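Peer 1: this one's structure only:
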């Protein structure tokens, strides 16, 4: 049995009612911690404990929709959509997703927020979806968008030159699509332009993987870390250049981390957390890494006050909001915490 399947089994068991451990309490505050490289401070807690999320910046606010949220019965998928305006002390509800879903990938263009793919509950398992929804903030409403060419989840991507790019993730390896073992890693690369009504295929990434982090810096899309089905975490960093539809490999992360999050401030990339598995179980990474594209170099930053995986990282101005996730490996310790990292 591979370690990824073990994780999937645990999530399914937890979501159907097994007791959860919860590490930490919502509302716990940290003192401002300043170290070489940057500082950490507490942000407004989420109104729910949620993991397996891809929050994003959209029109100057942080948006989070979907995920797996903690209840007394387990970890069902969520349809909740919450928004944080920088400077506010609470998250505010916006229109819910049309259907509860975890791992929906959120990306925004100038006028539209997209929720892409992800998993819904079906046949006693989690089924990947092709659906894409578009959110219009002027009327606080979701509507159907151009569907993916096939089911996809645990993907990565970014908004680049006004277009939505989606790279890799998990896809069904055959006709079955309700169990973790029905899936394989994919390197496919798809783009949706604002005026298009369908996704177009671009050059695939060099590496098939899932649970990576996608970041756009300097007109390039970076895909960082992640994991492989049955192969564990990976450290590679690959860059897509839209000018010539090309991929290039640069310095890998100092440590292989899957289920991580990343964001960019002032032309540098910051990668946070993730999880690992091994013979004695698994754990959650506390490490934070900075990547400098100008020098193709990684260096360590001040560690996360609360290590997490299945989390989000969203940059607004000079601050990176590190959001939700789980404080223990797999589905245990789902968190409502928001901690803000400000690089030096």
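Peer 2: In hand now; what should we look at? Note that the coordinates shown come from a computational prediction; the quantities given were computed from them, not determined experimentally.

Peer 1: Quick check, residue 225 in contact with residue 215.
Peer 2: No - the pair residue 225 and residue 215 fails to qualify as a contact (C-beta atoms under 8 Å) at a distance of 10.9 Å. Backbone N, C-alpha and C define where each C-beta goes, glycine included.

Peer 1: Look at these two and report which has more neighbours.
Peer 2: For residue 225 against residue 215, the residue with the higher neighbour count under other C-beta atoms under 10 Å is residue 225, and the figures read 28 against 24.

Peer 1: contacting residues for the closest residue to the more buried one other than its chain neighbours?
Peer 2: Leaving out its chain neighbours, the residue that sits closest to residue 225 by C-beta to C-beta, 6 or more residues apart in numbering is residue 257, at 4.7 Å. Contacts for residue 257 (C-beta atoms under 8 Å, 6 or more residues apart in numbering) come out as 225, 233, 235, 271, 273, 274, 276, 285, 287.

Peer 1: any chance of those in TSV, with distance to residue 251 too?
Peer 2: As requested, the contacts of residue 257 are arranged in TSV below (distance: C-beta to C-beta, whole Å):
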residue	distance to residue 251
225	12
233	17
235	9
271	12
273	20
274	18
276	21
285	18
287	16
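
Peer 1: Lowest-confidence entry in the residues you listed?
Peer 2: For these, the model is least confident at residue 276; its pLDDT is 94.

Peer 1: Run through the bridge partners of it.
Peer 2: Beta-bridge partners recorded for residue 276 (DSSP bridges): residue 283.

Peer 1: thought residue 155 was touching residue 106?
Peer 2: No - the pair formed by residue 155 and residue 106 falls short of the contact definition of C-beta under 8 Å, at 11.3 Å.

Peer 1: Those two: which has the busier surroundings?
Peer 2: In this comparison of residue 155 against residue 106, neighbours counted by other C-beta under 10 Å, the higher total goes to residue 155 at 29 against 24.

Peer 1: how near is the more buried one to residue 231?
Peer 2: To residue 231, residue 155 is 17 Å away according to C-beta to C-beta, to the nearest Å.

Peer 1: Counting neighbours, which of the contacts of residue 257 comes out on top?
Peer 2: Among the contacts of residue 257, where neighbours are counted by other C-beta under 10 Å, the top count belongs to residue 274, at 31 neighbours.

Peer 1: Run through the residues that contact it.
Peer 2: 211, 225, 233, 257, 258, 259, 260, 284, 285, 309.

Peer 1: let's go with 7 Å and repeat that
Peer 2: Taking C-beta atoms under 7 Å, 6 or more residues apart in numbering as the contact definition, residue 274 lies against 225, 257, 258, 259, 260, 285, 309.

Peer 1: Retrieve the pLDDT associated with the third one.
Peer 2: The reference is to residue 258. Confidence per residue is given as pLDDT, and for residue 258 that number is 97.

Peer 1: Not counting its neighbours along the chain, what's nearest it?
Peer 2: In this structure, residue 258 finds its nearest non-sequential neighbour in residue 227, 3.2 Å apart by C-beta to C-beta, 6+ apart.

Peer 1: Any idea what that neighbour is bridged to?
Peer 2: Partner residues in beta bridges with residue 227, using DSSP bridges, are residue 210, residue 233.
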